[in-house]
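**Student:** pasted the sequence and its predicted model underneath.
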Amino acid sequence: MIKSKRRWKLLATASLLLAAAHGAARAQNCAALVHATLTGATVTSAVFVPASPMKLDGGPGAPPPGGRPSAPPAPLSVPAFCRVKGQAAGAIGFELWLPAKNWNGRLLSLGNGGFGGFIPTGGLADGVIQGYAVTANDTGHQGQDRGWMNDPALVRDWGHSATHLVTGPAKTLVRDFYGNPASYTYFSGCSTGGAQAMEEAEFYPKDYNGIVAGSPGMAYAHLMLSFLWGLKIATAHPDSLLAPAQLRLLHQAVLDQCGSQNGVKDPWVDNPLACHFDVRTLQCPKGEGANCLTADQVQTAILMYQGPRNPRTGAVIYPGFALGSEDGWGGLQGPLARSFAIPLIGSLLYDNPRWDWHSFDWDRDVAELDRRVTPNISAVDPDLRALRAAGGKLIMYQGWSDPLNAQTLPINYRGEVIDVFAKDDGDQAEQKVDDFYRLFMVPGMGHCGGGIAPSKFDSLGALRDWVEQGEAPQRIVATQTSASLGSLPVSRPLCPYPRTAQWSGHADPNNAANFVCAK
């Protein structure tokens with residue numbers, strides 16, 4: 001017995017010494033990265049960080065357009081890692097966090113939010129905890145100062161190329177640290193990060209094996225015009241604004257009409273495209289009333305559903321907002337335009353961030369915006385043949401109650417992608433597209449998450465299964481627990497568009513297993 005105890009003690013001591021030696025070797029490998037030879041980038045620091053609780057800023061999707069960074073989350077217990085900081089293309093700050101042990105063999109790149117200017121360390125920590133080597137960048141400028149909008153090179157970094165310019169150096173650093181390259185590379189982003197995802201898919205299809213594009217602000221220039229449109233129609237007349245009470249009234253009327261499409265009475269609209277609602281039924285018979293809308297408010301709602309149009313040709317500039325999203329329209333009637341559209345359009349088009357938006361010409365100035373700005377900040381090219389040829393996989397998701405992005409933009413884009421493939425594949429085009437690109441519309445979900453409906457789901461896990469196991473996602477299960485749903489755990493399947501979830505008609509409607517995905 002004594003000998004046995006001695007043996008275990010010796011083994012434990014040897015294990016500790018081996019772990020210490022391993023840790024020292026990793027620390028040396030980490031410090032050596034400051035001398036790494038990179039293309040278009042330099043390492044400014046490489047520091048070994050022992051396992052410890054960390055206070056972190058931001059998160060994987062913070063802040064979205066119109067949002068602000070949330071309060072710092074509680075400290076996370078992060079395993080030991082090598083924290084690399086660097087600069088790419090002169091101006092793009094990036095970080096790469098490399099787990100000291102239990103690396104899963106994958107590189108994960110994270111998107112940014114809003115106008116960028118920060119590195120989402122909360123997302124980096126989550127990635128390391130899951131075993132990824134994980135990187136993110138600040139999009140080419142730091143902080144909330146908007147002077148970068150006056151520099152065309154910095155605008156293009158933010159709107160088009162920052163992620164690509166960091167990807168190559170990050171891959172090299174992973175190889176140098178571990179002695180072998182990542183087996184698989186992934187990108188995941190939402191909002192502006194979703195736009196970055198689509199820049200990668202469309203213009204740099206060989207960068208990643210798989211891409212998640214959430215709530216993608218991919219038509220960024222025209223998204224800004226949507227914000228400006230909301231301000232325009234809400235201020236057209238003294239009573240045009242839809243105040244919170246009117247938005248609740250309108251939203252409830254839509255739910256009363258279309259809140260039980262899948263066989264279950266839900267407090268959200270499952271498929272707004274199948275909902276038929278006439279807002280004019282809410283117009284006050286005479287003047288104003290507590291439970292009705294004025295004629296001008298009805299017109300505001302009609303134009304919000306319609307979206308901005310060219311006054312001369314009638315062409316759609318940006319899609320309108322879906323039925324069932326009305327309770328999130330508050331920011332769309334002015335605040336988003338003042339925070340985002342006016343400074344960005346003013347700076348890029350008129351060299352004046354305080355430009356008078358009333359002078360905007362919805363015909364001539366839109367064409368000028370598309371000529372001078374759109375190519376640098378939007379990603380709406382439907383030709384994804386190079387992504388398919390590279391073997392890449394793309395999962396896109398969009399909330400039906402998103403208060404920022406027009407919800408049908410991803411649907412329209414998918415249709416355009418199918419049209420491109422139809423030139424070669426004819427009737428097989430949709431199947432060919434589904435082989436590498438799937439869109440998941442999320443009922444009741446807001447911008448990048450949240451909302452009253454089940455909206456917590458693992459899109460990255462589904463992507464990994466698709467890339468590594470060849471298992472195309474037939475459904476992704478979303479979960480939610482909230483007081484509005486009776487504080488019960490609820491799960492629903494998210495279905496690849498154009499399929500939607502339909503209840504079987506028996507068994508528990510709060511369980512995703514009792515739903516099928518059907519057209």
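**Tutor:** All right, it came through fine.

**Student:** Val467 and Asp176, how far apart?
**Tutor:** Distance of Val467 to Asp176, computed by CB to CB, to the nearest Å: 24 Å. Heads up, the C-betas are built off the backbone N, CA and C, glycines and all.

**Student:** ugh, wrong one, I meant Asn271
**Tutor:** For Asn271, the distance to Asp176 equals 49 Å [CB to CB].

**Student:** doesn't Tyr318 make contact with Ser226?
**Tutor:** Yes: the criterion here is CB atoms under 8 Å, and Ser226 meets it with Tyr318 at 4.4 Å.

**Student:** neighbour count for these two, which is higher?
**Tutor:** Taking other CB atoms under 10 Å, Ser226 and Tyr318 do not tie; Ser226 has more neighbours (25 against 21).

**Student:** which SS state does the more buried one fall under?
**Tutor:** helix (DSSP: H, G, I helix; E, B strand; the rest coil).

**Student:** report the contact partners of it.
**Tutor:** Counting by CB atoms under 8 Å, 6 or more residues apart in numbering, Ser226 makes contact with Gly307, Pro308, Ile317, Tyr318, Leu332, Ala406.

**Student:** cool, and Asp427?
**Tutor:** Per CB under 8 Å, 6+ apart, neighbours of Asp427: none.

**Student:** show the pLDDT at it.
**Tutor:** Predicted confidence (pLDDT) for Asp427: 94.

**Student:** before we move on, what about Ala74?
**Tutor:** On pLDDT, Ala74 comes in at 67.

**Student:** likewise the one 3 residues further on?
**Tutor:** Each residue has a pLDDT score; the one for Ser77 is 89.

**Student:** in contact with the nearest residue to Arg248 once chain neighbours are set aside, which residues?
**Tutor:** Computed as CB to CB, 6 or more residues apart in numbering, the closest residue to Arg248 that is not its neighbour in sequence is Asp327, at 6.4 Å. If you count contacts by CB under 8 Å, 6+ apart, Asp327 has them with Leu247, Arg248, His251, Ser401.

**Student:** my guess is the last one contacts Gly328, does it?
**Tutor:** Yes: in this structure, Ser401 sits in contact with Gly328. The criterion is CB under 8 Å, and the distance is 6.2 Å.

**Student:** looking at those two now, which is surrounded by more residues?
**Tutor:** Ser401 (27 against 19).

**Student:** in the stretch 351-500 of the chain, where is pLDDT below threshold?
**Tutor:** 481-487 (pLDDT under 70).

**Student:** where does the record place the domain boundaries for this protein?
**Tutor:** 1-182, 223-376 (automatic domain parsing).

**Student:** compare the ones you listed and say which comes out lowest on pLDDT.
**Tutor:** Across the domains of the chain, domain 1-182 gives the lowest mean pLDDT, at a mean of 83.

**Student:** how about the strands in the stretch 151-300 of the chain?
**Tutor:** Assigned by DSSP state E, counting those that start in this stretch, the strands in the stretch 151-300 of the chain fall at 184-190, 210-214.

**Student:** now the ones you listed in CSV, with mean pLDDT?
**Tutor:** Converted to CSV, the strands of the stretch 151-300 of the chain look like this (pLDDT from 0 to 100):
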stretch, mean pLDDT
strand 184-190, 98
strand 210-214, 98
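
**Student:** could you pull out the buried residues of stretch 253-261?
**Tutor:** Buried positions in stretch 253-261, judged by neighbour count with 16 or more other CB atoms under 10 Å: Ala253, Val254, Leu255, Gln257, Cys258, Gly259, Gln261.

**Student:** distance check, the residue nearest to the last one when sequence neighbours are not counted against Pro443.
**Tutor:** Taking CB to CB, 6+ apart as the measure, Gln261 lies nearest to Asp270, with 4.6 Å between them; neighbours along the chain are not counted. Asp270 is 5 Å from Pro443, where distance means CB to CB.

**Student:** list the residues that contact both of these two?
**Tutor:** Shared contacts of Asp270 and Pro443 (CB under 8 Å, 6+ apart): Trp400, Ala501.

**Student:** hang on, the earlier thing: could you export the strands of the stretch 151-300 of the chain as TSV, including distance to Thr500?
**Tutor:** Below are the strands of the stretch 151-300 of the chain laid out as TSV (distance: least, CB to CB, whole Å):
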stretch	distance to Thr500
strand 184-190	22
strand 210-214	19
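
**Student:** just say which of these is most tucked in.
**Tutor:** Highest mean neighbour count of the strands of the stretch 151-300 of the chain: strand 210-214, a mean of 28 (counted as mean count of other CB atoms under 10 Å).

**Student:** sheet partners, orientation included, of that strand?
**Tutor:** Applying DSSP bridges, strand 210-214 is found paired with strand 184-190 (parallel), strand 393-399 (parallel).

**Student:** quick one: residues in contact with that strand.
**Tutor:** 61, 184-191, 193-194, 197-198, 200-201, 392-398, 448, 459-460, 463-464, 466-467.

**Student:** ok, for the residue most central in space within the chain, nearest residue in space, not its chain neighbours?
**Tutor:** Centroid check for the chain by CA atoms, centre = their mean gives Cys190 as the closest residue, at 1.2 Å. Spatial nearest neighbour of Cys190, excluding adjacent residues (CB to CB, 6+ apart): Gly214 at 3.3 Å.

**Student:** touching, the residue nearest to the centre of the chain and Gly217? I think so.
**Tutor:** No: applying CB under 8 Å, one finds Cys190 not in contact with Gly217, separated by 9.1 Å.

**Student:** give me the common contacts of Ser226 and Tyr318.
**Tutor:** Gly307, Pro308, Ala406.

**Student:** is the last one within a helix or a strand, and which one?
**Tutor:** It refers to Ala406. Following DSSP states H and E, there is no helix or strand that holds Ala406.

**Student:** follow-up on the earlier one: can I get the domains of the chain in TSV including distance to Ala518?
**Tutor:** What follows is the domains of the chain, written out as TSV (distance: least, CB to CB, whole Å):
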stretch	distance to Ala518
domain 1-182	30
domain 223-376	10
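
**Student:** ok, now how distant is the closest residue to His222 other than its chain neighbours from Met218?
**Tutor:** Distances taken as CB to CB, 6+ apart place Tyr318 nearest to His222, at 4.3 Å, with adjacent residues excluded. From Tyr318 across to Met218, the span is 11 Å (CB to CB).

**Student:** do Asp126 as well
**Tutor:** Using CB to CB, Asp126 is found at 24 Å from Met218.

**Student:** what's the spacing between the residue nearest to Leu98 when sequence neighbours are not counted and His35?
**Tutor:** Nearest non-adjacent residue to Leu98, counting by CB to CB, 6+ apart: Cys82, 4.2 Å away. Look at Cys82 and His35: by CB to CB, they are 14 Å apart.

**Student:** same thing with Ser183?
**Tutor:** 25 Å.

**Student:** how about Gly179?
**Tutor:** 16 Å.
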